[in-house]
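Peer 1: structure for this input, please:
(one chain, ligands or ions: 1)
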Amino acid sequence: MIIIDNVAVATVDAADTYHPSGHVVVGDDGRIAAVGAGPAPEGPGRRVDGAGCLVTPGLVNTHHHLYQWATRGLALDETLFGWLTTLYPIWGRLDAEIVGAAAGAGLGVLALSGCTLSMDHHYVFPRDGGDVLEAEIEAARRIGLRFHPTRGSMDLSRKDGGLPPDNVVETTDEALAATERAIDRWHDPSPGAMLQIAVAPCSPFSVTTRLMTEAAALARRKGVRLHTHLAETDDEEDFCRKRFGCTPVEYAESVGWLGDDVWLAHGVHLDDPAIERLGATGTGVAHCPSSNARLGAGVARVRDLLDHAVPVGLGVDGAASQEVSHLGAELRQALYTARSRGGPTAMSARQALRLGTMGGARCLGRQDDLGSLEIGKLADLVVWRLDGLAHDGIDDRLAALVFGPPAPVELSLVGGRPVVERGELVHADAETLQREAAVAHRRILA
Ligand SMILES: Nc1nc2[nH]c(O)nc2c(=O)[nH]1
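Peer 2: Reported below is the predicted structural model:
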């Protein structure tokens with residue numbers, strides 16, 4: 001039992017219940033046994049004094065490319081297509097050792113930023129690179145995070161009218177067979193699962209229509225979710241209009257890619273009919289405001305998406321297109337981005353926290369298991385320290401978390417198991433992760 005007492009509590013339940021002083025009790029089964037206002041009931045177990053802290057659900061990262069940690073700081077002033085064209089040849093040298101080290105560093109930084117569940121979109125599988133998916137799954141186990149890696153794929157190379165060079169794509173049949181093997185080997189459908197797989201062909205300009213269609217059929221046969229990049233840039237929209245004669249969302253619908261088992265990365269360039277279709281079908285969006293700014297991709301219409309009941313989560317995106325990789329910081333970036341577009345009422349601190357928690361849980365299909373602090377849910381939670389120089393004096397602790405600088409994590413739990421304590425990883429050594437990532441960076445650039 002872990003009893004977190006004397007703490008501000010933002011539950012992110014349906015009523016957005018907030019207790020300025022309350023408690024959360026975590027049972028030995030790794031689930032929330034009690035949550036409420038006032039002092040915690042007496043009982044045995046570890047007691048955590050939450051004075052000066054806020055407890056929230058753990059943050060859920062809905063879009064990432066962990067391998068990109070090894071190629072940060074390159075192609076700094078490019079559009080998405082220019083950036084990809086620069087990086088594809090480098091990514092063609094990926095192997096399991098590089099991916100494992102990059103994933104360790106990326107997941108370590110995510111954990112320290114308040115993340116308790118991350119997805120990953122891995123879509124580059126060089127022929128002699130070994131088992132890169134296994135390498136990142138091992139990295140997630142090492143850090144202690146709940147993990148939803150997706151089996152990505154690309155099968156449309158430059159010679160067939162796509163963007164990537166030949167050496168980073170697979171054949172359609174290879175991609176489908178490997179995706180099915182990954183689901184059979186790794187996917188755990190049970191409640192409380194630490195590991196789930198989704199199916200994730202990369203983007204309209206790197207994947208054939210056949211792979212999109214058959215990947216959707218495979219995912220539905222296996223009961224797993226679907227993820228892809230969509231509507232990220234004007235260049236992608238031009239590509240879709242030229243090749244398919246329609247917008248990216250019309251294309252997605254034509255290949256069976258709208259539905260409540262799908263979440264799309266970015267969704268920046270969406271017209272009104274597209275937003276209506278996403279809302280009507282329950283298709284989710286992984287909003288990546290920092291990456292969209294770094295690549296100059298545009299500003300997503302998040303207020304309009306929420307008004308149409310689209311599930312929206314937050315994503316840091318790969319560290320090569322957003323070198324910060326701090327999910328806690330993405331709360332403020334999302335709020336600032338929404339307000340830049342729609343004025344000061346476009347998003348509140350509470351709504352930003354909801355995107356980063358329950359919104360992400362909905363995108364990943366985990367809303368019955370986690371995403372809010374409610375009795376019976378998994379104890380995936382973060383205790384944020386907000387009484388230091390940087391935050392003290394902002395009386396509303398939720399406002400301090402979102403409007404203030406990224407807050408230190410006093411304690412984070414995944415299924416009741418500590419992953420971060422007093423700003424340090426519990427199961428891994430940050431210096432070792434850094435050293436391994438530095439070797440990976442040097443090797444891939446050599
Ligand atoms: N931000 C990103 N967008 C992408 N599109 C695509 O095909 N690959 C990527 C990527 O790695 N990052």
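Peer 1: and the residue nearest to residue 372 when sequence neighbours are not counted, its phi and psi?
Peer 2: Closest residue to residue 372 apart from its sequence neighbours, by C-beta to C-beta, 6 or more residues apart in numbering: residue 12 at 4.4 Å. Bear in mind the C-beta positions are built from the backbone N, C-alpha and C, glycine included. Phi and psi for residue 12, reported as degrees, to the nearest 10, are phi 60, psi 30.
Peer 1: next up, the contacts around residue 12.
Peer 2: Contact analysis of residue 12 by C-beta atoms under 8 Å, 6 or more residues apart in numbering lists 56-57, 353-354, 357-358, 371-373.
Peer 1: quick one: which of those sit in strands?
Peer 2: Per DSSP state E, strands hold the following members of these: 56-57.
Peer 1: name the nearest of the contacts of residue 12 relative to residue 386.
Peer 2: Relative to residue 386, the closest of these is residue 56; by C-beta to C-beta it sits at 11.0 Å.
Peer 1: ok, the nearest residue to residue 248 once chain neighbours are set aside - contacts?
Peer 2: Counting by C-beta to C-beta, 6+ apart, the nearest residue to residue 248 once its immediate chain neighbours are dropped is residue 231, at 4.5 Å. Contacts for residue 231 (C-beta under 8 Å, 6+ apart) come out as 237, 247-249, 264, 266-270, 274.
Peer 1: residues contacting residue 4?
Peer 2: Counting by C-beta under 8 Å, 6+ apart, residue 4 has contacts 23-26, 40, 48, 50, 55, 383, 411.
Peer 1: where does the closest residue to residue 116 other than its chain neighbours fall, phi/psi-wise?
Peer 2: Nearest non-adjacent residue to residue 116, counting by C-beta to C-beta, 6+ apart: residue 58, 2.7 Å away. Per-residue torsions, residue 58: phi -60, psi 150 (degrees, to the nearest 10).
Peer 1: ok, now residue 49?
Peer 2: Torsion angles, degrees, to the nearest 10, at residue 49: phi -80, psi 110.
Peer 1: and for residue 242, the neighbour number?
Peer 2: 9 (other C-beta atoms under 10 Å).
Peer 1: now the helix or strand where it lies - C-alpha only, PDB.
Peer 2: Element membership of residue 242 [criterion: DSSP states H and E] is helix 234-244. Presented in PDB, the C-alpha positions along helix 234-244 are these (Å, rounded to 0.1, in the frame of the first residue of the first chain):
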ATOM      1  CA  ASP A 234       1.000  21.200 -47.000                       C
ATOM      2  CA  ASP A 235       3.500  19.100 -49.000                       C
ATOM      3  CA  GLU A 236       1.600  15.900 -47.800                       C
ATOM      4  CA  GLU A 237      -1.700  17.500 -48.900                       C
ATOM      5  CA  ASP A 238      -0.300  18.300 -52.300                       C
ATOM      6  CA  PHE A 239       1.000  14.700 -52.600                       C
ATOM      7  CA  CYS A 240      -2.400  13.300 -51.800                       C
ATOM      8  CA  ARG A 241      -4.200  15.600 -54.200                       C
ATOM      9  CA  LYS A 242      -1.800  14.600 -57.000                       C
ATOM     10  CA  ARG A 243      -1.600  10.900 -56.300                       C
ATOM     11  CA  PHE A 244      -5.100  10.100 -55.000                       C
END
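Peer 1: average pLDDT for it?
Peer 2: Here helix 234-244 scores 98 as its mean pLDDT.
Peer 1: and the residue of the protein closest to the ligand?
Peer 2: residue 203 (3.3 Å; C-beta to the nearest ligand atom).
Peer 1: separation between that residue and residue 176?
Peer 2: As defined by C-beta to C-beta, to the nearest Å, residue 203 lies at a distance of 17 Å from residue 176.
Peer 1: repeat for residue 260
Peer 2: Distance, residue 260 to residue 176, using C-beta to C-beta: 23 Å.
Peer 1: next, count neighbours for residue 245.
Peer 2: Neighbour number of residue 245 under other C-beta under 10 Å is 9.
Peer 1: who's in contact with it?
Peer 2: Residues counted as contacts of residue 245 (C-beta under 8 Å, 6+ apart): none.
Peer 1: please report the distance of it from residue 438.
Peer 2: From residue 245 to residue 438 the distance is 47 Å (C-beta to C-beta).
Peer 1: what's the pLDDT at the closest residue to residue 298 other than its chain neighbours?
Peer 2: Excluding the flanking residues, the one nearest residue 298 by C-beta to C-beta, 6+ apart is residue 268, at 4.3 Å. At residue 268, the model reports a pLDDT of 98.
Peer 1: assign residue 268 to helix, strand or coil.
Peer 2: Following DSSP: H, G, I helix; E, B strand; the rest coil, residue 268 is assigned to coil.
Peer 1: over to it: give its phi and psi.
Peer 2: According to degrees, to the nearest 10, residue 268 has phi -80, psi -50.
Peer 1: before we move on, what about the one 10 residues further on?
Peer 2: Taking degrees, to the nearest 10, you get phi -60, psi -40 for the backbone angles of residue 278.
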